[in-house]
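1. what would the 3D arrangement of this be:
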Amino acid sequence: MTSGSSNALRGYVRLVVASALTGVGAGLGGMMLALLLHEIQHLAYGYSVCRIVSKESFLSGVADASPARRFEALVLCGLVAGFGWWALYRWGRPLVSIKQALTAGVPRMPVPSTIVHALLQIVTVALGSPLGREVAPREIGALWGGWLARRAGLSLADQRVLVACGAGAGLAAVYNVPLGGALFVLEVLLGSFEWRLAVPALVTSSLAAVTAWVGLGNEQQYSVAQLTLGAPLVVWSAMAGPVFGAAAWGFVQLTSAARAHAPKDWRLPALSVLNFAVIGVLVIYYPQLAGNGKGPAALAFDSHLTIGLAATLLVLKVAIEASSLRAGAEGGLLTPGLANGALLAIVLGGLWNMLWPGTSAGSFAMVGASAFLAASMQMPLTAIVLMLEFTRVNQDALVPMLLCIVGSVSTFRLMSKALAGSASPASKSQGASAKSALEKAPVLHNE
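-> Sure, this is the predicted structure:
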């Protein structure tokens, strides 16, 4: 065997071992973050813990808590978010997001700052923040994968691959979505489906999901009735797709502007406490608003929401998601986007049933959630697989989902191009400068 072949073989072995360890480590990290989240939820809202991960849902726990306890939990959330992130920005090293790490010369994320950032997201979501928890395990997985890759002496290209794979593995661990985690790596983070990237992505996400079973079990996120395919649902899916795309585009514009104007100085604690105190008042009357949106999504999938309640929750949820980002809180938008799409679908589907009855509200919700998620995060393939793994619904759901997603993603992209094309030369120059600034800024944007 030649010296070059021997070196190539050793490099391949190191990559395989590092990929396996990345999957196991990301699985353990995601599992521990999920267990921490559940424990804080139980303590904050005072519902019983029969085992570490209780079968009682967070929504029922919030609903059973007294109004005073709900308000106090959200005020505490504001204090943790405000002073926590202010202290991190004040004394911590600048944050490097996963996407920033993947495009940097050396894919490295600061260890202490990233860990604190992830923990703050988990604690605040557990206390009732309306933002998502999925970024935290992705950051921990990416941090672990990058550290392993450097220790193994892998090339910079392979280091980037393991950073991305670690992020996908973290997602796979907390949601038990091995294929969805792998597709997230390939479609969203790396933008390529090459075989040399697909193998480590599948290996790490699968190992992470299996590892997390130790503490979280092999359970799906949502228990839903099997979808029955019919002409009313198919026609609605084709017609409603552009509506979901336009709604997702508006949601992205709103949340992006909120993130861009979020304070990093002394105003952060003040705005954060005020924001979450207002949310606390709302949660007294609408306990469904507490948390990342899993509760409302589950109600929508189970056909347990009226058109009026779904419309009210949708307006309030979008408002508090944007206000929380504007106040300086951080978190993902995957589950919030999923819930927003499901709520919008209950409204649109309910109106459609008046014209052409015969479809359950839950069927509309599943299709709408996938379409909104696909457009808002620009990941159509990943969104389909995530919905299938979240709900384990039968394959009849694929036809309406695909029809709705095609319309939503196409509309989202057309609106984005129209906005870019209608911008004046001065605004285009300002936009380019803003984009450059955002790429260099040491803050975490929507990933």
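2. show me where the stretch 1-150 of the chain has its helices.
-> Taking DSSP state H, counting those that start in this stretch, the helices of the stretch 1-150 of the chain run over residues 3-45, 58-64, 67-91, 98-103, 111-127, 135-151.
3. and the helix or strand just after the last one, what's buried?
-> Sequence-wise, the next helix or strand downstream of helix 135-151 (DSSP states H and E) is helix 156-175. Neighbour counts using 16 or more other CB atoms under 10 Å place 158-175 of helix 156-175 among the buried residues. (C-beta placed from N, C-alpha, C; glycine too.)
4. try stretch 64-76
-> By neighbour count on 16+ other CB under 10 Å, the buried set for stretch 64-76 is 65, 69, 70, 71, 72, 73, 74, 75, 76.
5. take these and write them to CSV, including pLDDT and distance to residue 195.
-> Formatted as CSV, the entries for these read as follows, by pLDDT from 0 to 100; distance: CB to CB, whole Å:
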residue, pLDDT, distance to residue 195
65, 95, 51
69, 97, 53
70, 97, 50
71, 98, 53
72, 97, 53
73, 98, 48
74, 98, 48
75, 98, 51
76, 98, 49
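6. turn those residues into CSV, including distance to residue 391.
-> As requested, these are arranged in CSV below (distance: CB to CB, whole Å):
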residue, distance to residue 391
65, 28
69, 31
70, 28
71, 33
72, 34
73, 29
74, 29
75, 34
76, 33
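7. got any ranges where the stretch 51-200 of the chain has weak pLDDT?
-> Regions of the stretch 51-200 of the chain meeting the criterion pLDDT under 70 cover residues 51-56.
8. so residue 71 touches residue 282, yeah?
-> No - here residue 71 does not reach residue 282: they are 9.8 Å apart, not a contact under CB atoms under 8 Å.
9. can you pull the phi/psi pair for the residue nearest to residue 346 when sequence neighbours are not counted?
-> The spatial neighbour of residue 346 that comes closest, neighbours along the chain excluded (CB to CB, 6 or more residues apart in numbering), is residue 310 at 3.8 Å. Backbone torsions for residue 310, taken as degrees, to the nearest 10, come to phi -60, psi -40.
10. quick thing: my sequence starts at 58, can you match it?
-> Got it, first residue is 58 now, which makes that one residue 367.
11. mind checking how far residue 367 is from residue 222?
-> In this view, residue 367 and residue 222 are 37 Å apart by CB to CB, to the nearest Å.
12. likewise residue 383?
-> In this structure, residue 383 lies at 33 Å from residue 222, with CB to CB as the measure.
13. just residue 338 next, same as before
-> Spatial separation of residue 338 from residue 222 under the definition CB to CB is 43 Å.
14. what of residue 409?
-> Residue 409 sits 41 Å away from residue 222, going by CB to CB.
15. next: residue 478.
-> Remark: distance between residue 478 and residue 222 (CB to CB) = 36 Å.
16. same thing with residue 465?
-> Distance from residue 465 to residue 222, by CB to CB: 28 Å.
17. do the same with residue 341
-> Counting by CB to CB - residue 341 and residue 222 are separated by 43 Å.
18. and the pLDDT at residue 106?
-> On pLDDT, residue 106 comes in at 52.
19. backbone torsions only: list them for residue 162.
-> Comment: the main-chain dihedrals of residue 162 come out as phi -60, psi -40, following degrees, to the nearest 10.
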